[in-house]
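In: Predicted model and sequence below, questions to follow.
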There are 2 protein chains.
Amino acid sequence: MTIEQQAQVKNFLLKWQNQVCENISEHEADKKFHIEDWRHGAGGGGQTRVLEAGTTIERCGVNFSHVQGKQLPPAATLRRPELEGQPFSAMGVSIIVHPCNPYVPTTHANLRYIETQTNAGKPIFWFGGGFDLTPYYPFAEDCIHWHEMAKQACEPFGTDIYPQFKKQCDEYFYLKHRQEARGIGGLFFDDLNQWGFHDTLAFIKRVGEHFLLAYVPILKKRKQHIFTEKERNFQTYRRGRYVEFNLIYDRGTLFGLQSGGRTESILMSLPPVVNWQYNWQPEPNSPEEKLYEDFLVPRNWV
Amino acid sequence: MTIEQQAQVKNFLLKWQNQVCENISEHEADKKFHIEDWRHGAGGGGQTRVLEAGTTIERCGVNFSHVQGKQLPPAATLRRPELEGQPFSAMGVSIIVHPCNPYVPTTHANLRYIETQTNAGKPIFWFGGGFDLTPYYPFAEDCIHWHEMAKQACEPFGTDIYPQFKKQCDEYFYLKHRQEARGIGGLFFDDLNQWGFHDTLAFIKRVGEHFLLAYVPILKKRKQHIFTEKERNFQTYRRGRYVEFNLIYDRGTLFGLQSGGRTESILMSLPPVVNWQYNWQPEPNSPEEKLYEDFLVPRNWV
């Protein structure tokens, strides 16, 4: 049962990994994904794919991993203390795209499948994941398109799903110490098994598919937008927030580092070039201020 | 009693803050420290001093803060669970120097004084702090000088003090997920009150003084060393480790962010320009490899 379910999930995840890489590669004439297989000390392994220093893509990482462990790490059991000390199997694909052009948003997507057991030895599973968008110089129409795709992904599963997972996304990708949203959100869910294995997997597949429908058109539309050093500096400055979020708060990053994951594959999510400036403030009425005031706040986009 | 002790510590810390700024300013003809006073929501405040974009110093922050709180944050009570829920007063100066030249090491120093009470209402205090050095292209003679100064600072307090605090420094400034030391260490101590208030403060003063005796000669000696883009890139790459350490592990950073400190003053420790490269490895027998193999390992320098 478990073996067959794992095979189905794995099959889909590997296909999705391929698909994402194909869709991204299309925008690069000379650069290809560098592929690396790795083994995990405690059991399992994965495949990291990275494309760097392209003309459109500054860094894109598409990472598959399947690891087993003797006990769930704190990043999982803090949320579910009743599972402390239980062995687990975790499988997932994580995607990060850091584009060169500040007019193209950074995006992140993740789909994961966990199997473990209760104290009483009863096997349990859940899915988690979602996708979110982090623009620097956003276009309202892109944000609407992004959230429309998120909504469409959820629709067959009930009209309450999108609002719920959208809200969870806004809450999750929030930098408490800055009192700032990381981006304009999308979908975020965890502990998902309410529809049974078959239907929950069907949902996961829709999320995977709609991620590409959501992101690729924005990438195509904005990748040749003209920009100057000023916009580039703002992009590298804002990327600092991405680093802060991933290293201070991100459950996936902490889960990975705590469970002895492969550091280079986990931290592949960090942006290639970043700057921090002390107490930087946007000019009044500038596009940079507009980002903070109109976009980095929870909004109903659809 | 407490008020008088706090005044003595404050007096010293403010003097040290001035002294450090004077010693750093000497290396800049045109740039001065930008000074900002701030208030803390829960009580207290501080003064942040930042010098940026100099010819020798890319960023230097020298931050005084004195904050009160209704309960010690997790970064303190995880270590001392018996103090959970106790009100506190925390005072300190934090220093970070990110030099322009990759041949000049980054340095960090901190001295702090905490007052709180036990469950039974008994007032307690402790000092903490230390200094450490993070070179990119190190010179063995500089490392020896650095540790000689650290040792001299401790000498009047017993010959066992330097080895103990040096070891604690090696253990503390360690990136577990990289299995790498952050730098070549120095001194690190916490919960220090064993010599009583008067003598412990005398020790703290020696540490403050010896920090300048340790760092300033290295800064002077190396600030005009010739370097190329290659060394600069390695410096900005290695600065990524600094970011990883401060955001994932550093007790002071987490204490500050968790206790509602001023984010810009706390994250002033982050380097101005940073790059991450996927799975970067040093060339065999290069100076970069030498850093990893000969310096970023615990060593007896004196």
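Out: Perfect, I can see it now. Numbering: from 1, shown residues only, chains lettered A, B, ... in the order given.
In: And what about A:Glu264, helix, strand or coil?
Out: helix (DSSP: H, G, I helix; E, B strand; the rest coil).
In: For it, give me its contacts.
Out: A:48, B:278-279 (Cβ atoms under 8 Å, 6 or more residues apart in numbering or on different chains). From N, CA and C alone the C-beta is placed, and that goes for glycine too.
In: Can you tell me which of those is nearest A:Val67?
Out: Nearest to A:Val67 among the contacts of A:Glu264, counting by Cβ to Cβ, is A:Thr48 at 13.1 Å.
In: Can you tell me the element the nearest residue to A:Gln168 once chain neighbours are set aside falls in?
Out: Leaving aside its sequence neighbours, A:Gln168 sits nearest to A:Phe188 (Cβ to Cβ, 6 or more residues apart in numbering or on different chains; 4.5 Å). Here A:Phe188, judged by DSSP states H and E, is contained in strand A:185-192.
In: Dump that strand to CSV, restricted to CA.
Out: Extracted in CSV, the C-alpha atoms of strand A:185-192 (Å, rounded to 0.1, in the frame of the first residue of the first chain):
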residue,chain,number,x,y,z
GLY,A,185,1.2,35.2,-1.7
GLY,A,186,-0.5,32.4,-3.6
LEU,A,187,-1.3,29.0,-2.0
PHE,A,188,0.0,27.3,1.1
PHE,A,189,-1.2,24.2,2.8
ASP,A,190,0.1,21.5,5.1
ASP,A,191,-1.2,18.3,6.8
LEU,A,192,-3.4,17.7,3.8
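In: Which elements pack onto the helix or strand that it is followed by?
Out: Counting by DSSP H and E, the next helix or strand C-terminal to strand A:185-192 is helix A:196-222. Contacts defined by 3 or more Cβ pairs under 8 Å, 6 or more residues apart in numbering or on different chains; DSSP states H and E place helix A:196-222 against helix A:2-25, strand A:88-99, strand A:106-117, strand A:123-134, helix A:140-154, strand A:185-192.
In: by how many degrees do helix A:196-222 and strand A:106-117 diverge?
Out: If you take axes from the mean of the first three to the mean of the last three Cα atoms, to 10 degrees, helix A:196-222 sits at 170 degrees to strand A:106-117.
In: count of neighbours near A:Glu36?
Out: 16 (other Cβ atoms under 10 Å in any protein chain shown).
In: how about it, what does it touch?
Out: Contacts of A:Glu36 (Cβ under 8 Å, 6+ apart): A:47-50, B:279.
In: Now which of these would you call buried?
Out: Neighbour counting by 16 or more other Cβ atoms under 10 Å in any protein chain shown classes A:47-50 among the contacts of A:Glu36 as buried.
In: Just give the number of residues close to A:Glu283.
Out: 8.
In: Could you measure from the residue lying closest to it once chain neighbours are set aside over to A:Tyr137?
Out: Closest residue in space to A:Glu283, ignoring its immediate chain neighbours: A:Glu289 at 6.5 Å, by Cβ to Cβ, 6+ apart. Plainly put, A:Glu289 is 12 Å away from A:Tyr137 if you go by Cβ to Cβ, to the nearest Å.
In: Of these two, which one has the most company?
Out: More crowded of A:Glu289 and A:Tyr137, by other Cβ under 10 Å: A:Tyr137, with 21 against 13.
In: May I have the phi/psi pair for that one?
Out: With angles defined as degrees, to the nearest 10, A:Tyr137 sits at phi -120, psi 80.
In: pLDDT value on it, please?
Out: Note for A:Tyr137: predicted pLDDT of 98.
In: what sits against the closest residue to it other than its chain neighbours?
Out: Leaving out its chain neighbours, the residue that sits closest to A:Tyr137 by Cβ to Cβ, 6+ apart is A:Tyr103, at 5.1 Å. Residues near A:Tyr103 by Cβ under 8 Å, 6+ apart: A:136-137, A:222, A:225, A:227, A:231.
In: on that earlier part again, my guess is the residue nearest to A:Glu283 contacts A:Trp280. True?
Out: No: in this structure A:Glu289 lies outside contact range of A:Trp280 using Cβ atoms under 8 Å: 11.7 Å.
In: Am I right that A:Ser25 is in contact with A:Leu51?
Out: Yes: with contact defined as Cβ under 8 Å, A:Ser25 counts as touching A:Leu51 (7.1 Å).
In: residues bridging contact with those two, i.e. touching both?
Out: What both A:Ser25 and A:Leu51 touch, as defined by Cβ under 8 Å, 6+ apart, is the set A:32-33.
In: need the residues of chain A near chain B, please.
Out: A:34, A:36, A:50, A:52, A:59, A:61, A:177-178, A:240, A:243-244, A:247-248, A:257, A:263-264, A:266-268, A:270-279 (Cβ under 8 Å from any Cβ of the partner chain).
In: Which of those residues are buried, as a ChimeraX select command?
Out: Per 16+ other Cβ under 10 Å, the buried members of the residues of chain A next to chain B correspond to this ChimeraX selection:
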select /A:36,50,52,59,61,177,178,240,243,244,247,248,257,263,264,266,267,268,270,271,272,273,274,275,276,277,278
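In: Just the residues of chain A next to chain B: which are in strands?
Out: Those of the residues of chain A next to chain B mapping onto strands are A:34, A:36, A:50, A:52, A:59, A:61, A:273-275, per DSSP state E.
In: Please render these as TSV that adds pLDDT to the earlier fields.
Out: Shown next, in TSV, are those (pLDDT from 0 to 100):
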residue	pLDDT
A:His34	95
A:Glu36	94
A:Val50	96
A:Glu52	95
A:Arg59	97
A:Gly61	97
A:Val273	97
A:Val274	98
A:Asn275	96
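In: Pipe the residues you listed into TSV and attach distance to A:Gln194 per row.
Out: TSV is the format used below for those (distance: Cβ to Cβ, whole Å):
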residue	distance to A:Gln194
A:His34	39
A:Glu36	36
A:Val50	35
A:Glu52	39
A:Arg59	36
A:Gly61	30
A:Val273	42
A:Val274	39
A:Asn275	43
